[in-house]
Structure formats: C-alpha cells, structure tokens
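Colleague: Quick one: sequence plus predicted model below, questions after.
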Amino acid sequence: MTKQYKTLGEFIIENQDSFKYSSGELSRLLNGLRLAAKVVNHEVNKAGLVDILGEAGDQNIQGENQQKLDVLANEKFIQTLKKREIVCGIASEEEDDFISINSFDNQHQNKYVVLIDPLDGSSNIDVNVSVGTIFSIYRRVTPVGTPVTIEDFLQPGVNQIAAGYIIYGTSTMLVYTTGDGVNGFTLNPALGTFYLSHPNMSFPENGNIYSVNEGNYVHFPQGVKDYIKYCQKEEDDRPYTSRYIGSLVSDFHRNMIKGGIYMYPKSSVASEGKLRLLYECNPMAFIAEQANGLASDGKNRIMEVKPTELHQRVPFFCGSRNMVEKAEEFMKNANA
Ligand code: AHG
Ligand code: MN
Ligand code: MN
C-alpha cells in the first residue's frame, strides 16, 4: 500500500457532513466497528495457533474457558460498542434477546441500534476458509432518553442508515454503505490501517456465477430447480460457473466483483430457508442495492419485508440485477 490510498478514518471524517443526520455519532459508531473489526481480524488470523477452535464451553488446561470463534467475535463487537457508549442497543445472531445499553452518564441518549452477525460462515472456521462479520445500523424509533424496545430492532431494511461487512479473507476488507454507494477498504496488517482500495463498488448487471448449496436440490421448490437447470444449460453465455464457499459474506463479495447470484431458497425441510433477515439478508440487501444489484425473497424486495421477530429467517436471492430478475421469473412461472 502506498500513500495514494485514503484511509477509512479519513473517509469517515470527509463524508460525515454529507450524511443527512450528521452529528458525529454515526462516525463514532463506524470507528467503533472499525476497531472491533481489527480486534476480531487479529483473533481470526491466529485461530490455527491457539485454543479457539474448540467447542464453546470447554475448558483449557489452565481452567480458562475456551471460546469458539463466533462466541469470541460476538464478545469483541459487543464489548467495543458497549464500552464506547456509541449505541443504545445491540441485537446479535449469537444472543437470544437484544441488549439495551445505558450508563449513569448517558441516560439512553444514543440514537442508533446495531444488529450484527459477528461471525458469518461458521462452518469454515475450523478449515481456514474465509469468514466474515455483517452489521446493520438503524436509528431507534422509540424516544431518546428511554430504554430501547423490540420495535427499535424490528424495522424493515429500507430504514437502514448504514450496513457493511468485514471479510477475513486472503486479505481483510471492510465494505460498507451509508446509502451513498458502496466502498471497500483493505487492511494493511502491518500498519493496522484500512485503505480505500475499492471505491464505488458495483455488481455487473449480468454475471456468470451462481452460488447455491446444490446438495439441497431435491428439497428446493420447482422454480428454483428450473432456474438452476437454466444456469446449467448450454445456450447463449451459459452454462454458468458454480461457486459456493458456504460463507455468505465471501460468496456475496466475489459475486459483487465478478457478477453473479447468491441463493438460499426455502425448501421442503426449511420453510423459510436458513438465512436471518435482520443480521444477514437486510444488510446484504442494502449493500447490493447500493451497488446496482438486487435482493429478493423470491417474490418481493427483501428490504420491504416487515420483520416480526429478531431471529426470523427468509429465503434470499441476491446479486446481479438481471440474474435475480431471471430467477424471480422462474419462480413466478412455476408458482413456487
Ligand atoms: P452463520 O455462520 O452466521 O450461521 O451463517 C452461515 C450461513 C451463510 O454464511 C452461508 O452462506 C450459509 O449459512 C451456508 O449454509 P449451508 O451450509 O446450509 O449451505
Ligand atoms: Mn451468518
Ligand atoms: Mn454467525
């Protein structure tokens, strides 16, 4: 990395004024997430060396609790946000309920809530394959000065103020949007600094990659089966390439750069699919739309789904505009 790249810190400050609710609070929050990302990155990088690959709940020889990486990532993000008192509430995929944050000095004065999937792609943790973190930020809907309630978290994705992900890959990147395009920052690990390496990220309108767990094919609705067969057919620019890492962040990131579609459909064994609306689908949908892509539950725009519970699941089709529209067409025609 050379000096010509802007740092994430500089970028956050420069863009603070263009943000319509600008008060500096969102900038502080993004800086908090940046710090937590670096801490978790450090833990992920040394995962093979230390006792954090075991099951959570185990004890090591010193009698200390061993921590599975997703529990550890959850703790690091929550601690960082709590200690800096920059949010009024947090909901995490790893917590049963939301957390209300308050301190003696700061009587529920913060305006933002954060929803987080601290470690996405858990099945890749133990095998040294890329994992990620996904975050989503909303303004609270209940009055400042009172404790947060479930209503602050059950907002449709269209209300998001910012969303992003960190990918702990061959290099570590933080990619985020505040509703004004998508920018990607690469960590220089020697300096501990994120640099703007991917300004204005955008999905190509067409792509040739489809990403789905095809092992579940027999359980998929007919429309999804038909679309997969379409992807595999030798015609025009097809067959497409199949790529599935099993970590949404990594699959999404690749598809955004190269052009592709990610699918986690409902099935005969999982009536709403697997992915969580609040921690995974909404933030990725916001990023996708800001990057000229689309995100759908098969019929409707993901960000317009009205959440009814924190850990709600939803079918997810996300990526290059023309590919998502084509998949929707197949589902509509098969009526499934
Ligand atoms: P998490 O690790 O946060 O539970 O999420 C895993 C998700 C997603 O990242 C990935 O694309 C998908 O689950 C993989 O599921 P399958 O193993 O069923 O394909
Ligand atoms: Mn996940
Ligand atoms: Mn997770």
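Modeller: Perfect, I can see it now. Ligands and ions are numbered 1, 2, ... in the order given.
Colleague: from here on, contacts and neighbour counts on C-alpha atoms
Modeller: Will do.
Colleague: what comes into contact with stretch 297-309?
Modeller: 154-158, 265, 277-278, 281-282, 285-286, 294-296, 314-317, 327-328, 331-332 (Cα atoms under 8 Å, 6 or more residues apart in numbering).
Colleague: What about the residues you listed, which are in helices?
Modeller: Among these, the residues falling in helices (DSSP state H) are 282, 285, 286, 327, 328, 331, 332.
Colleague: on that earlier part again, near ligand 1, from the contacts of stretch 297-309?
Modeller: Among the contacts of stretch 297-309, no residue is within reach of ligand 1 (Cα under 6 Å from any ligand atom).
Colleague: Report the buried members of the residues you listed.
Modeller: Neighbour counting with 16 or more other Cα atoms under 10 Å marks 154-158, 265, 277-278, 281-282, 285-286, 294-296, 314-317, 327-328, 331 as buried within those.
Colleague: Am I right that residue 82 is in contact with residue 101?
Modeller: Yes: counting by Cα atoms under 8 Å, residue 82 touches residue 101, with 6.7 Å between them.
Colleague: Spell out which residues of the stretch 51-200 of the chain are next to ligand 3.
Modeller: The stretch 51-200 of the chain comes close to ligand 3 at residues 117, 119, 120, as judged by Cα under 5 Å from the ion.
Colleague: Need those residues in JSON lines (columns: pLDDT, secondary structure and distance to residue 177).
Modeller: Listed next are these as JSON lines, based on pLDDT from 0 to 100; DSSP: H, G, I helix; E, B strand; the rest coil; distance: Cα to Cα, whole Å:
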{"residue": "117", "pLDDT": "97", "secondary structure": "strand", "distance to residue 177": "17"}
{"residue": "119", "pLDDT": "95", "secondary structure": "strand", "distance to residue 177": "19"}
{"residue": "120", "pLDDT": "96", "secondary structure": "strand", "distance to residue 177": "19"}
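Colleague: just checking: which of those also lie near ligand 1?
Modeller: Near ligand 1, by the rule Cα under 6 Å from any ligand atom, you find 117, 119, 120 out of those.
Colleague: Dump those residues to JSON lines, plus neighbour count.
Modeller: Formatted as JSON lines, these follow (neighbours: other Cα atoms under 10 Å):
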{"residue": "117", "neighbour count": "24"}
{"residue": "119", "neighbour count": "26"}
{"residue": "120", "neighbour count": "26"}
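Colleague: Reformat those residues as TSV; add distance to residue 240.
Modeller: Formatted as TSV, these follow (distance: Cα to Cα, whole Å):
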residue	distance to residue 240
117	30
119	29
120	26
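Colleague: Which one of those is nearest to ligand 1?
Modeller: Set against ligand 1, the nearest of those by Cα to the nearest ligand atom is residue 120 (3.6 Å).
Colleague: Spit out the contact partners of the spatially closest residue to that closest one that is not a sequence neighbour.
Modeller: What sits nearest to residue 120 in space, not counting adjacent residues and going by Cα to Cα, 6 or more residues apart in numbering, is residue 132, at 4.9 Å. Applying Cα under 8 Å, 6+ apart to residue 132 gives the contacts 118, 119, 120, 121, 165, 166, 167, 168, 247, 249, 250.
Colleague: Quickly find the element holding residue 132.
Modeller: strand 131-139 (DSSP states H and E).
Colleague: Show me what secondary structure element comes after that strand.
Modeller: From strand 131-139, the next helix or strand downstream (DSSP H and E) is strand 162-168.
Colleague: CA-only coordinates of that next one in PDB, if you can.
Modeller: Extracted C-alpha coordinates of strand 162-168, given in PDB (Å, rounded to 0.1, in the frame of the first residue of the first chain):
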ATOM      1  CA  ALA A 162     -25.700   2.000   7.200                       C
ATOM      2  CA  ALA A 163     -24.700  -1.600   6.600                       C
ATOM      3  CA  GLY A 164     -21.500  -3.400   5.900                       C
ATOM      4  CA  TYR A 165     -19.400  -6.500   6.200                       C
ATOM      5  CA  ILE A 166     -15.900  -7.400   7.100                       C
ATOM      6  CA  ILE A 167     -14.300 -10.300   5.100                       C
ATOM      7  CA  TYR A 168     -11.500 -12.100   6.800                       C
END
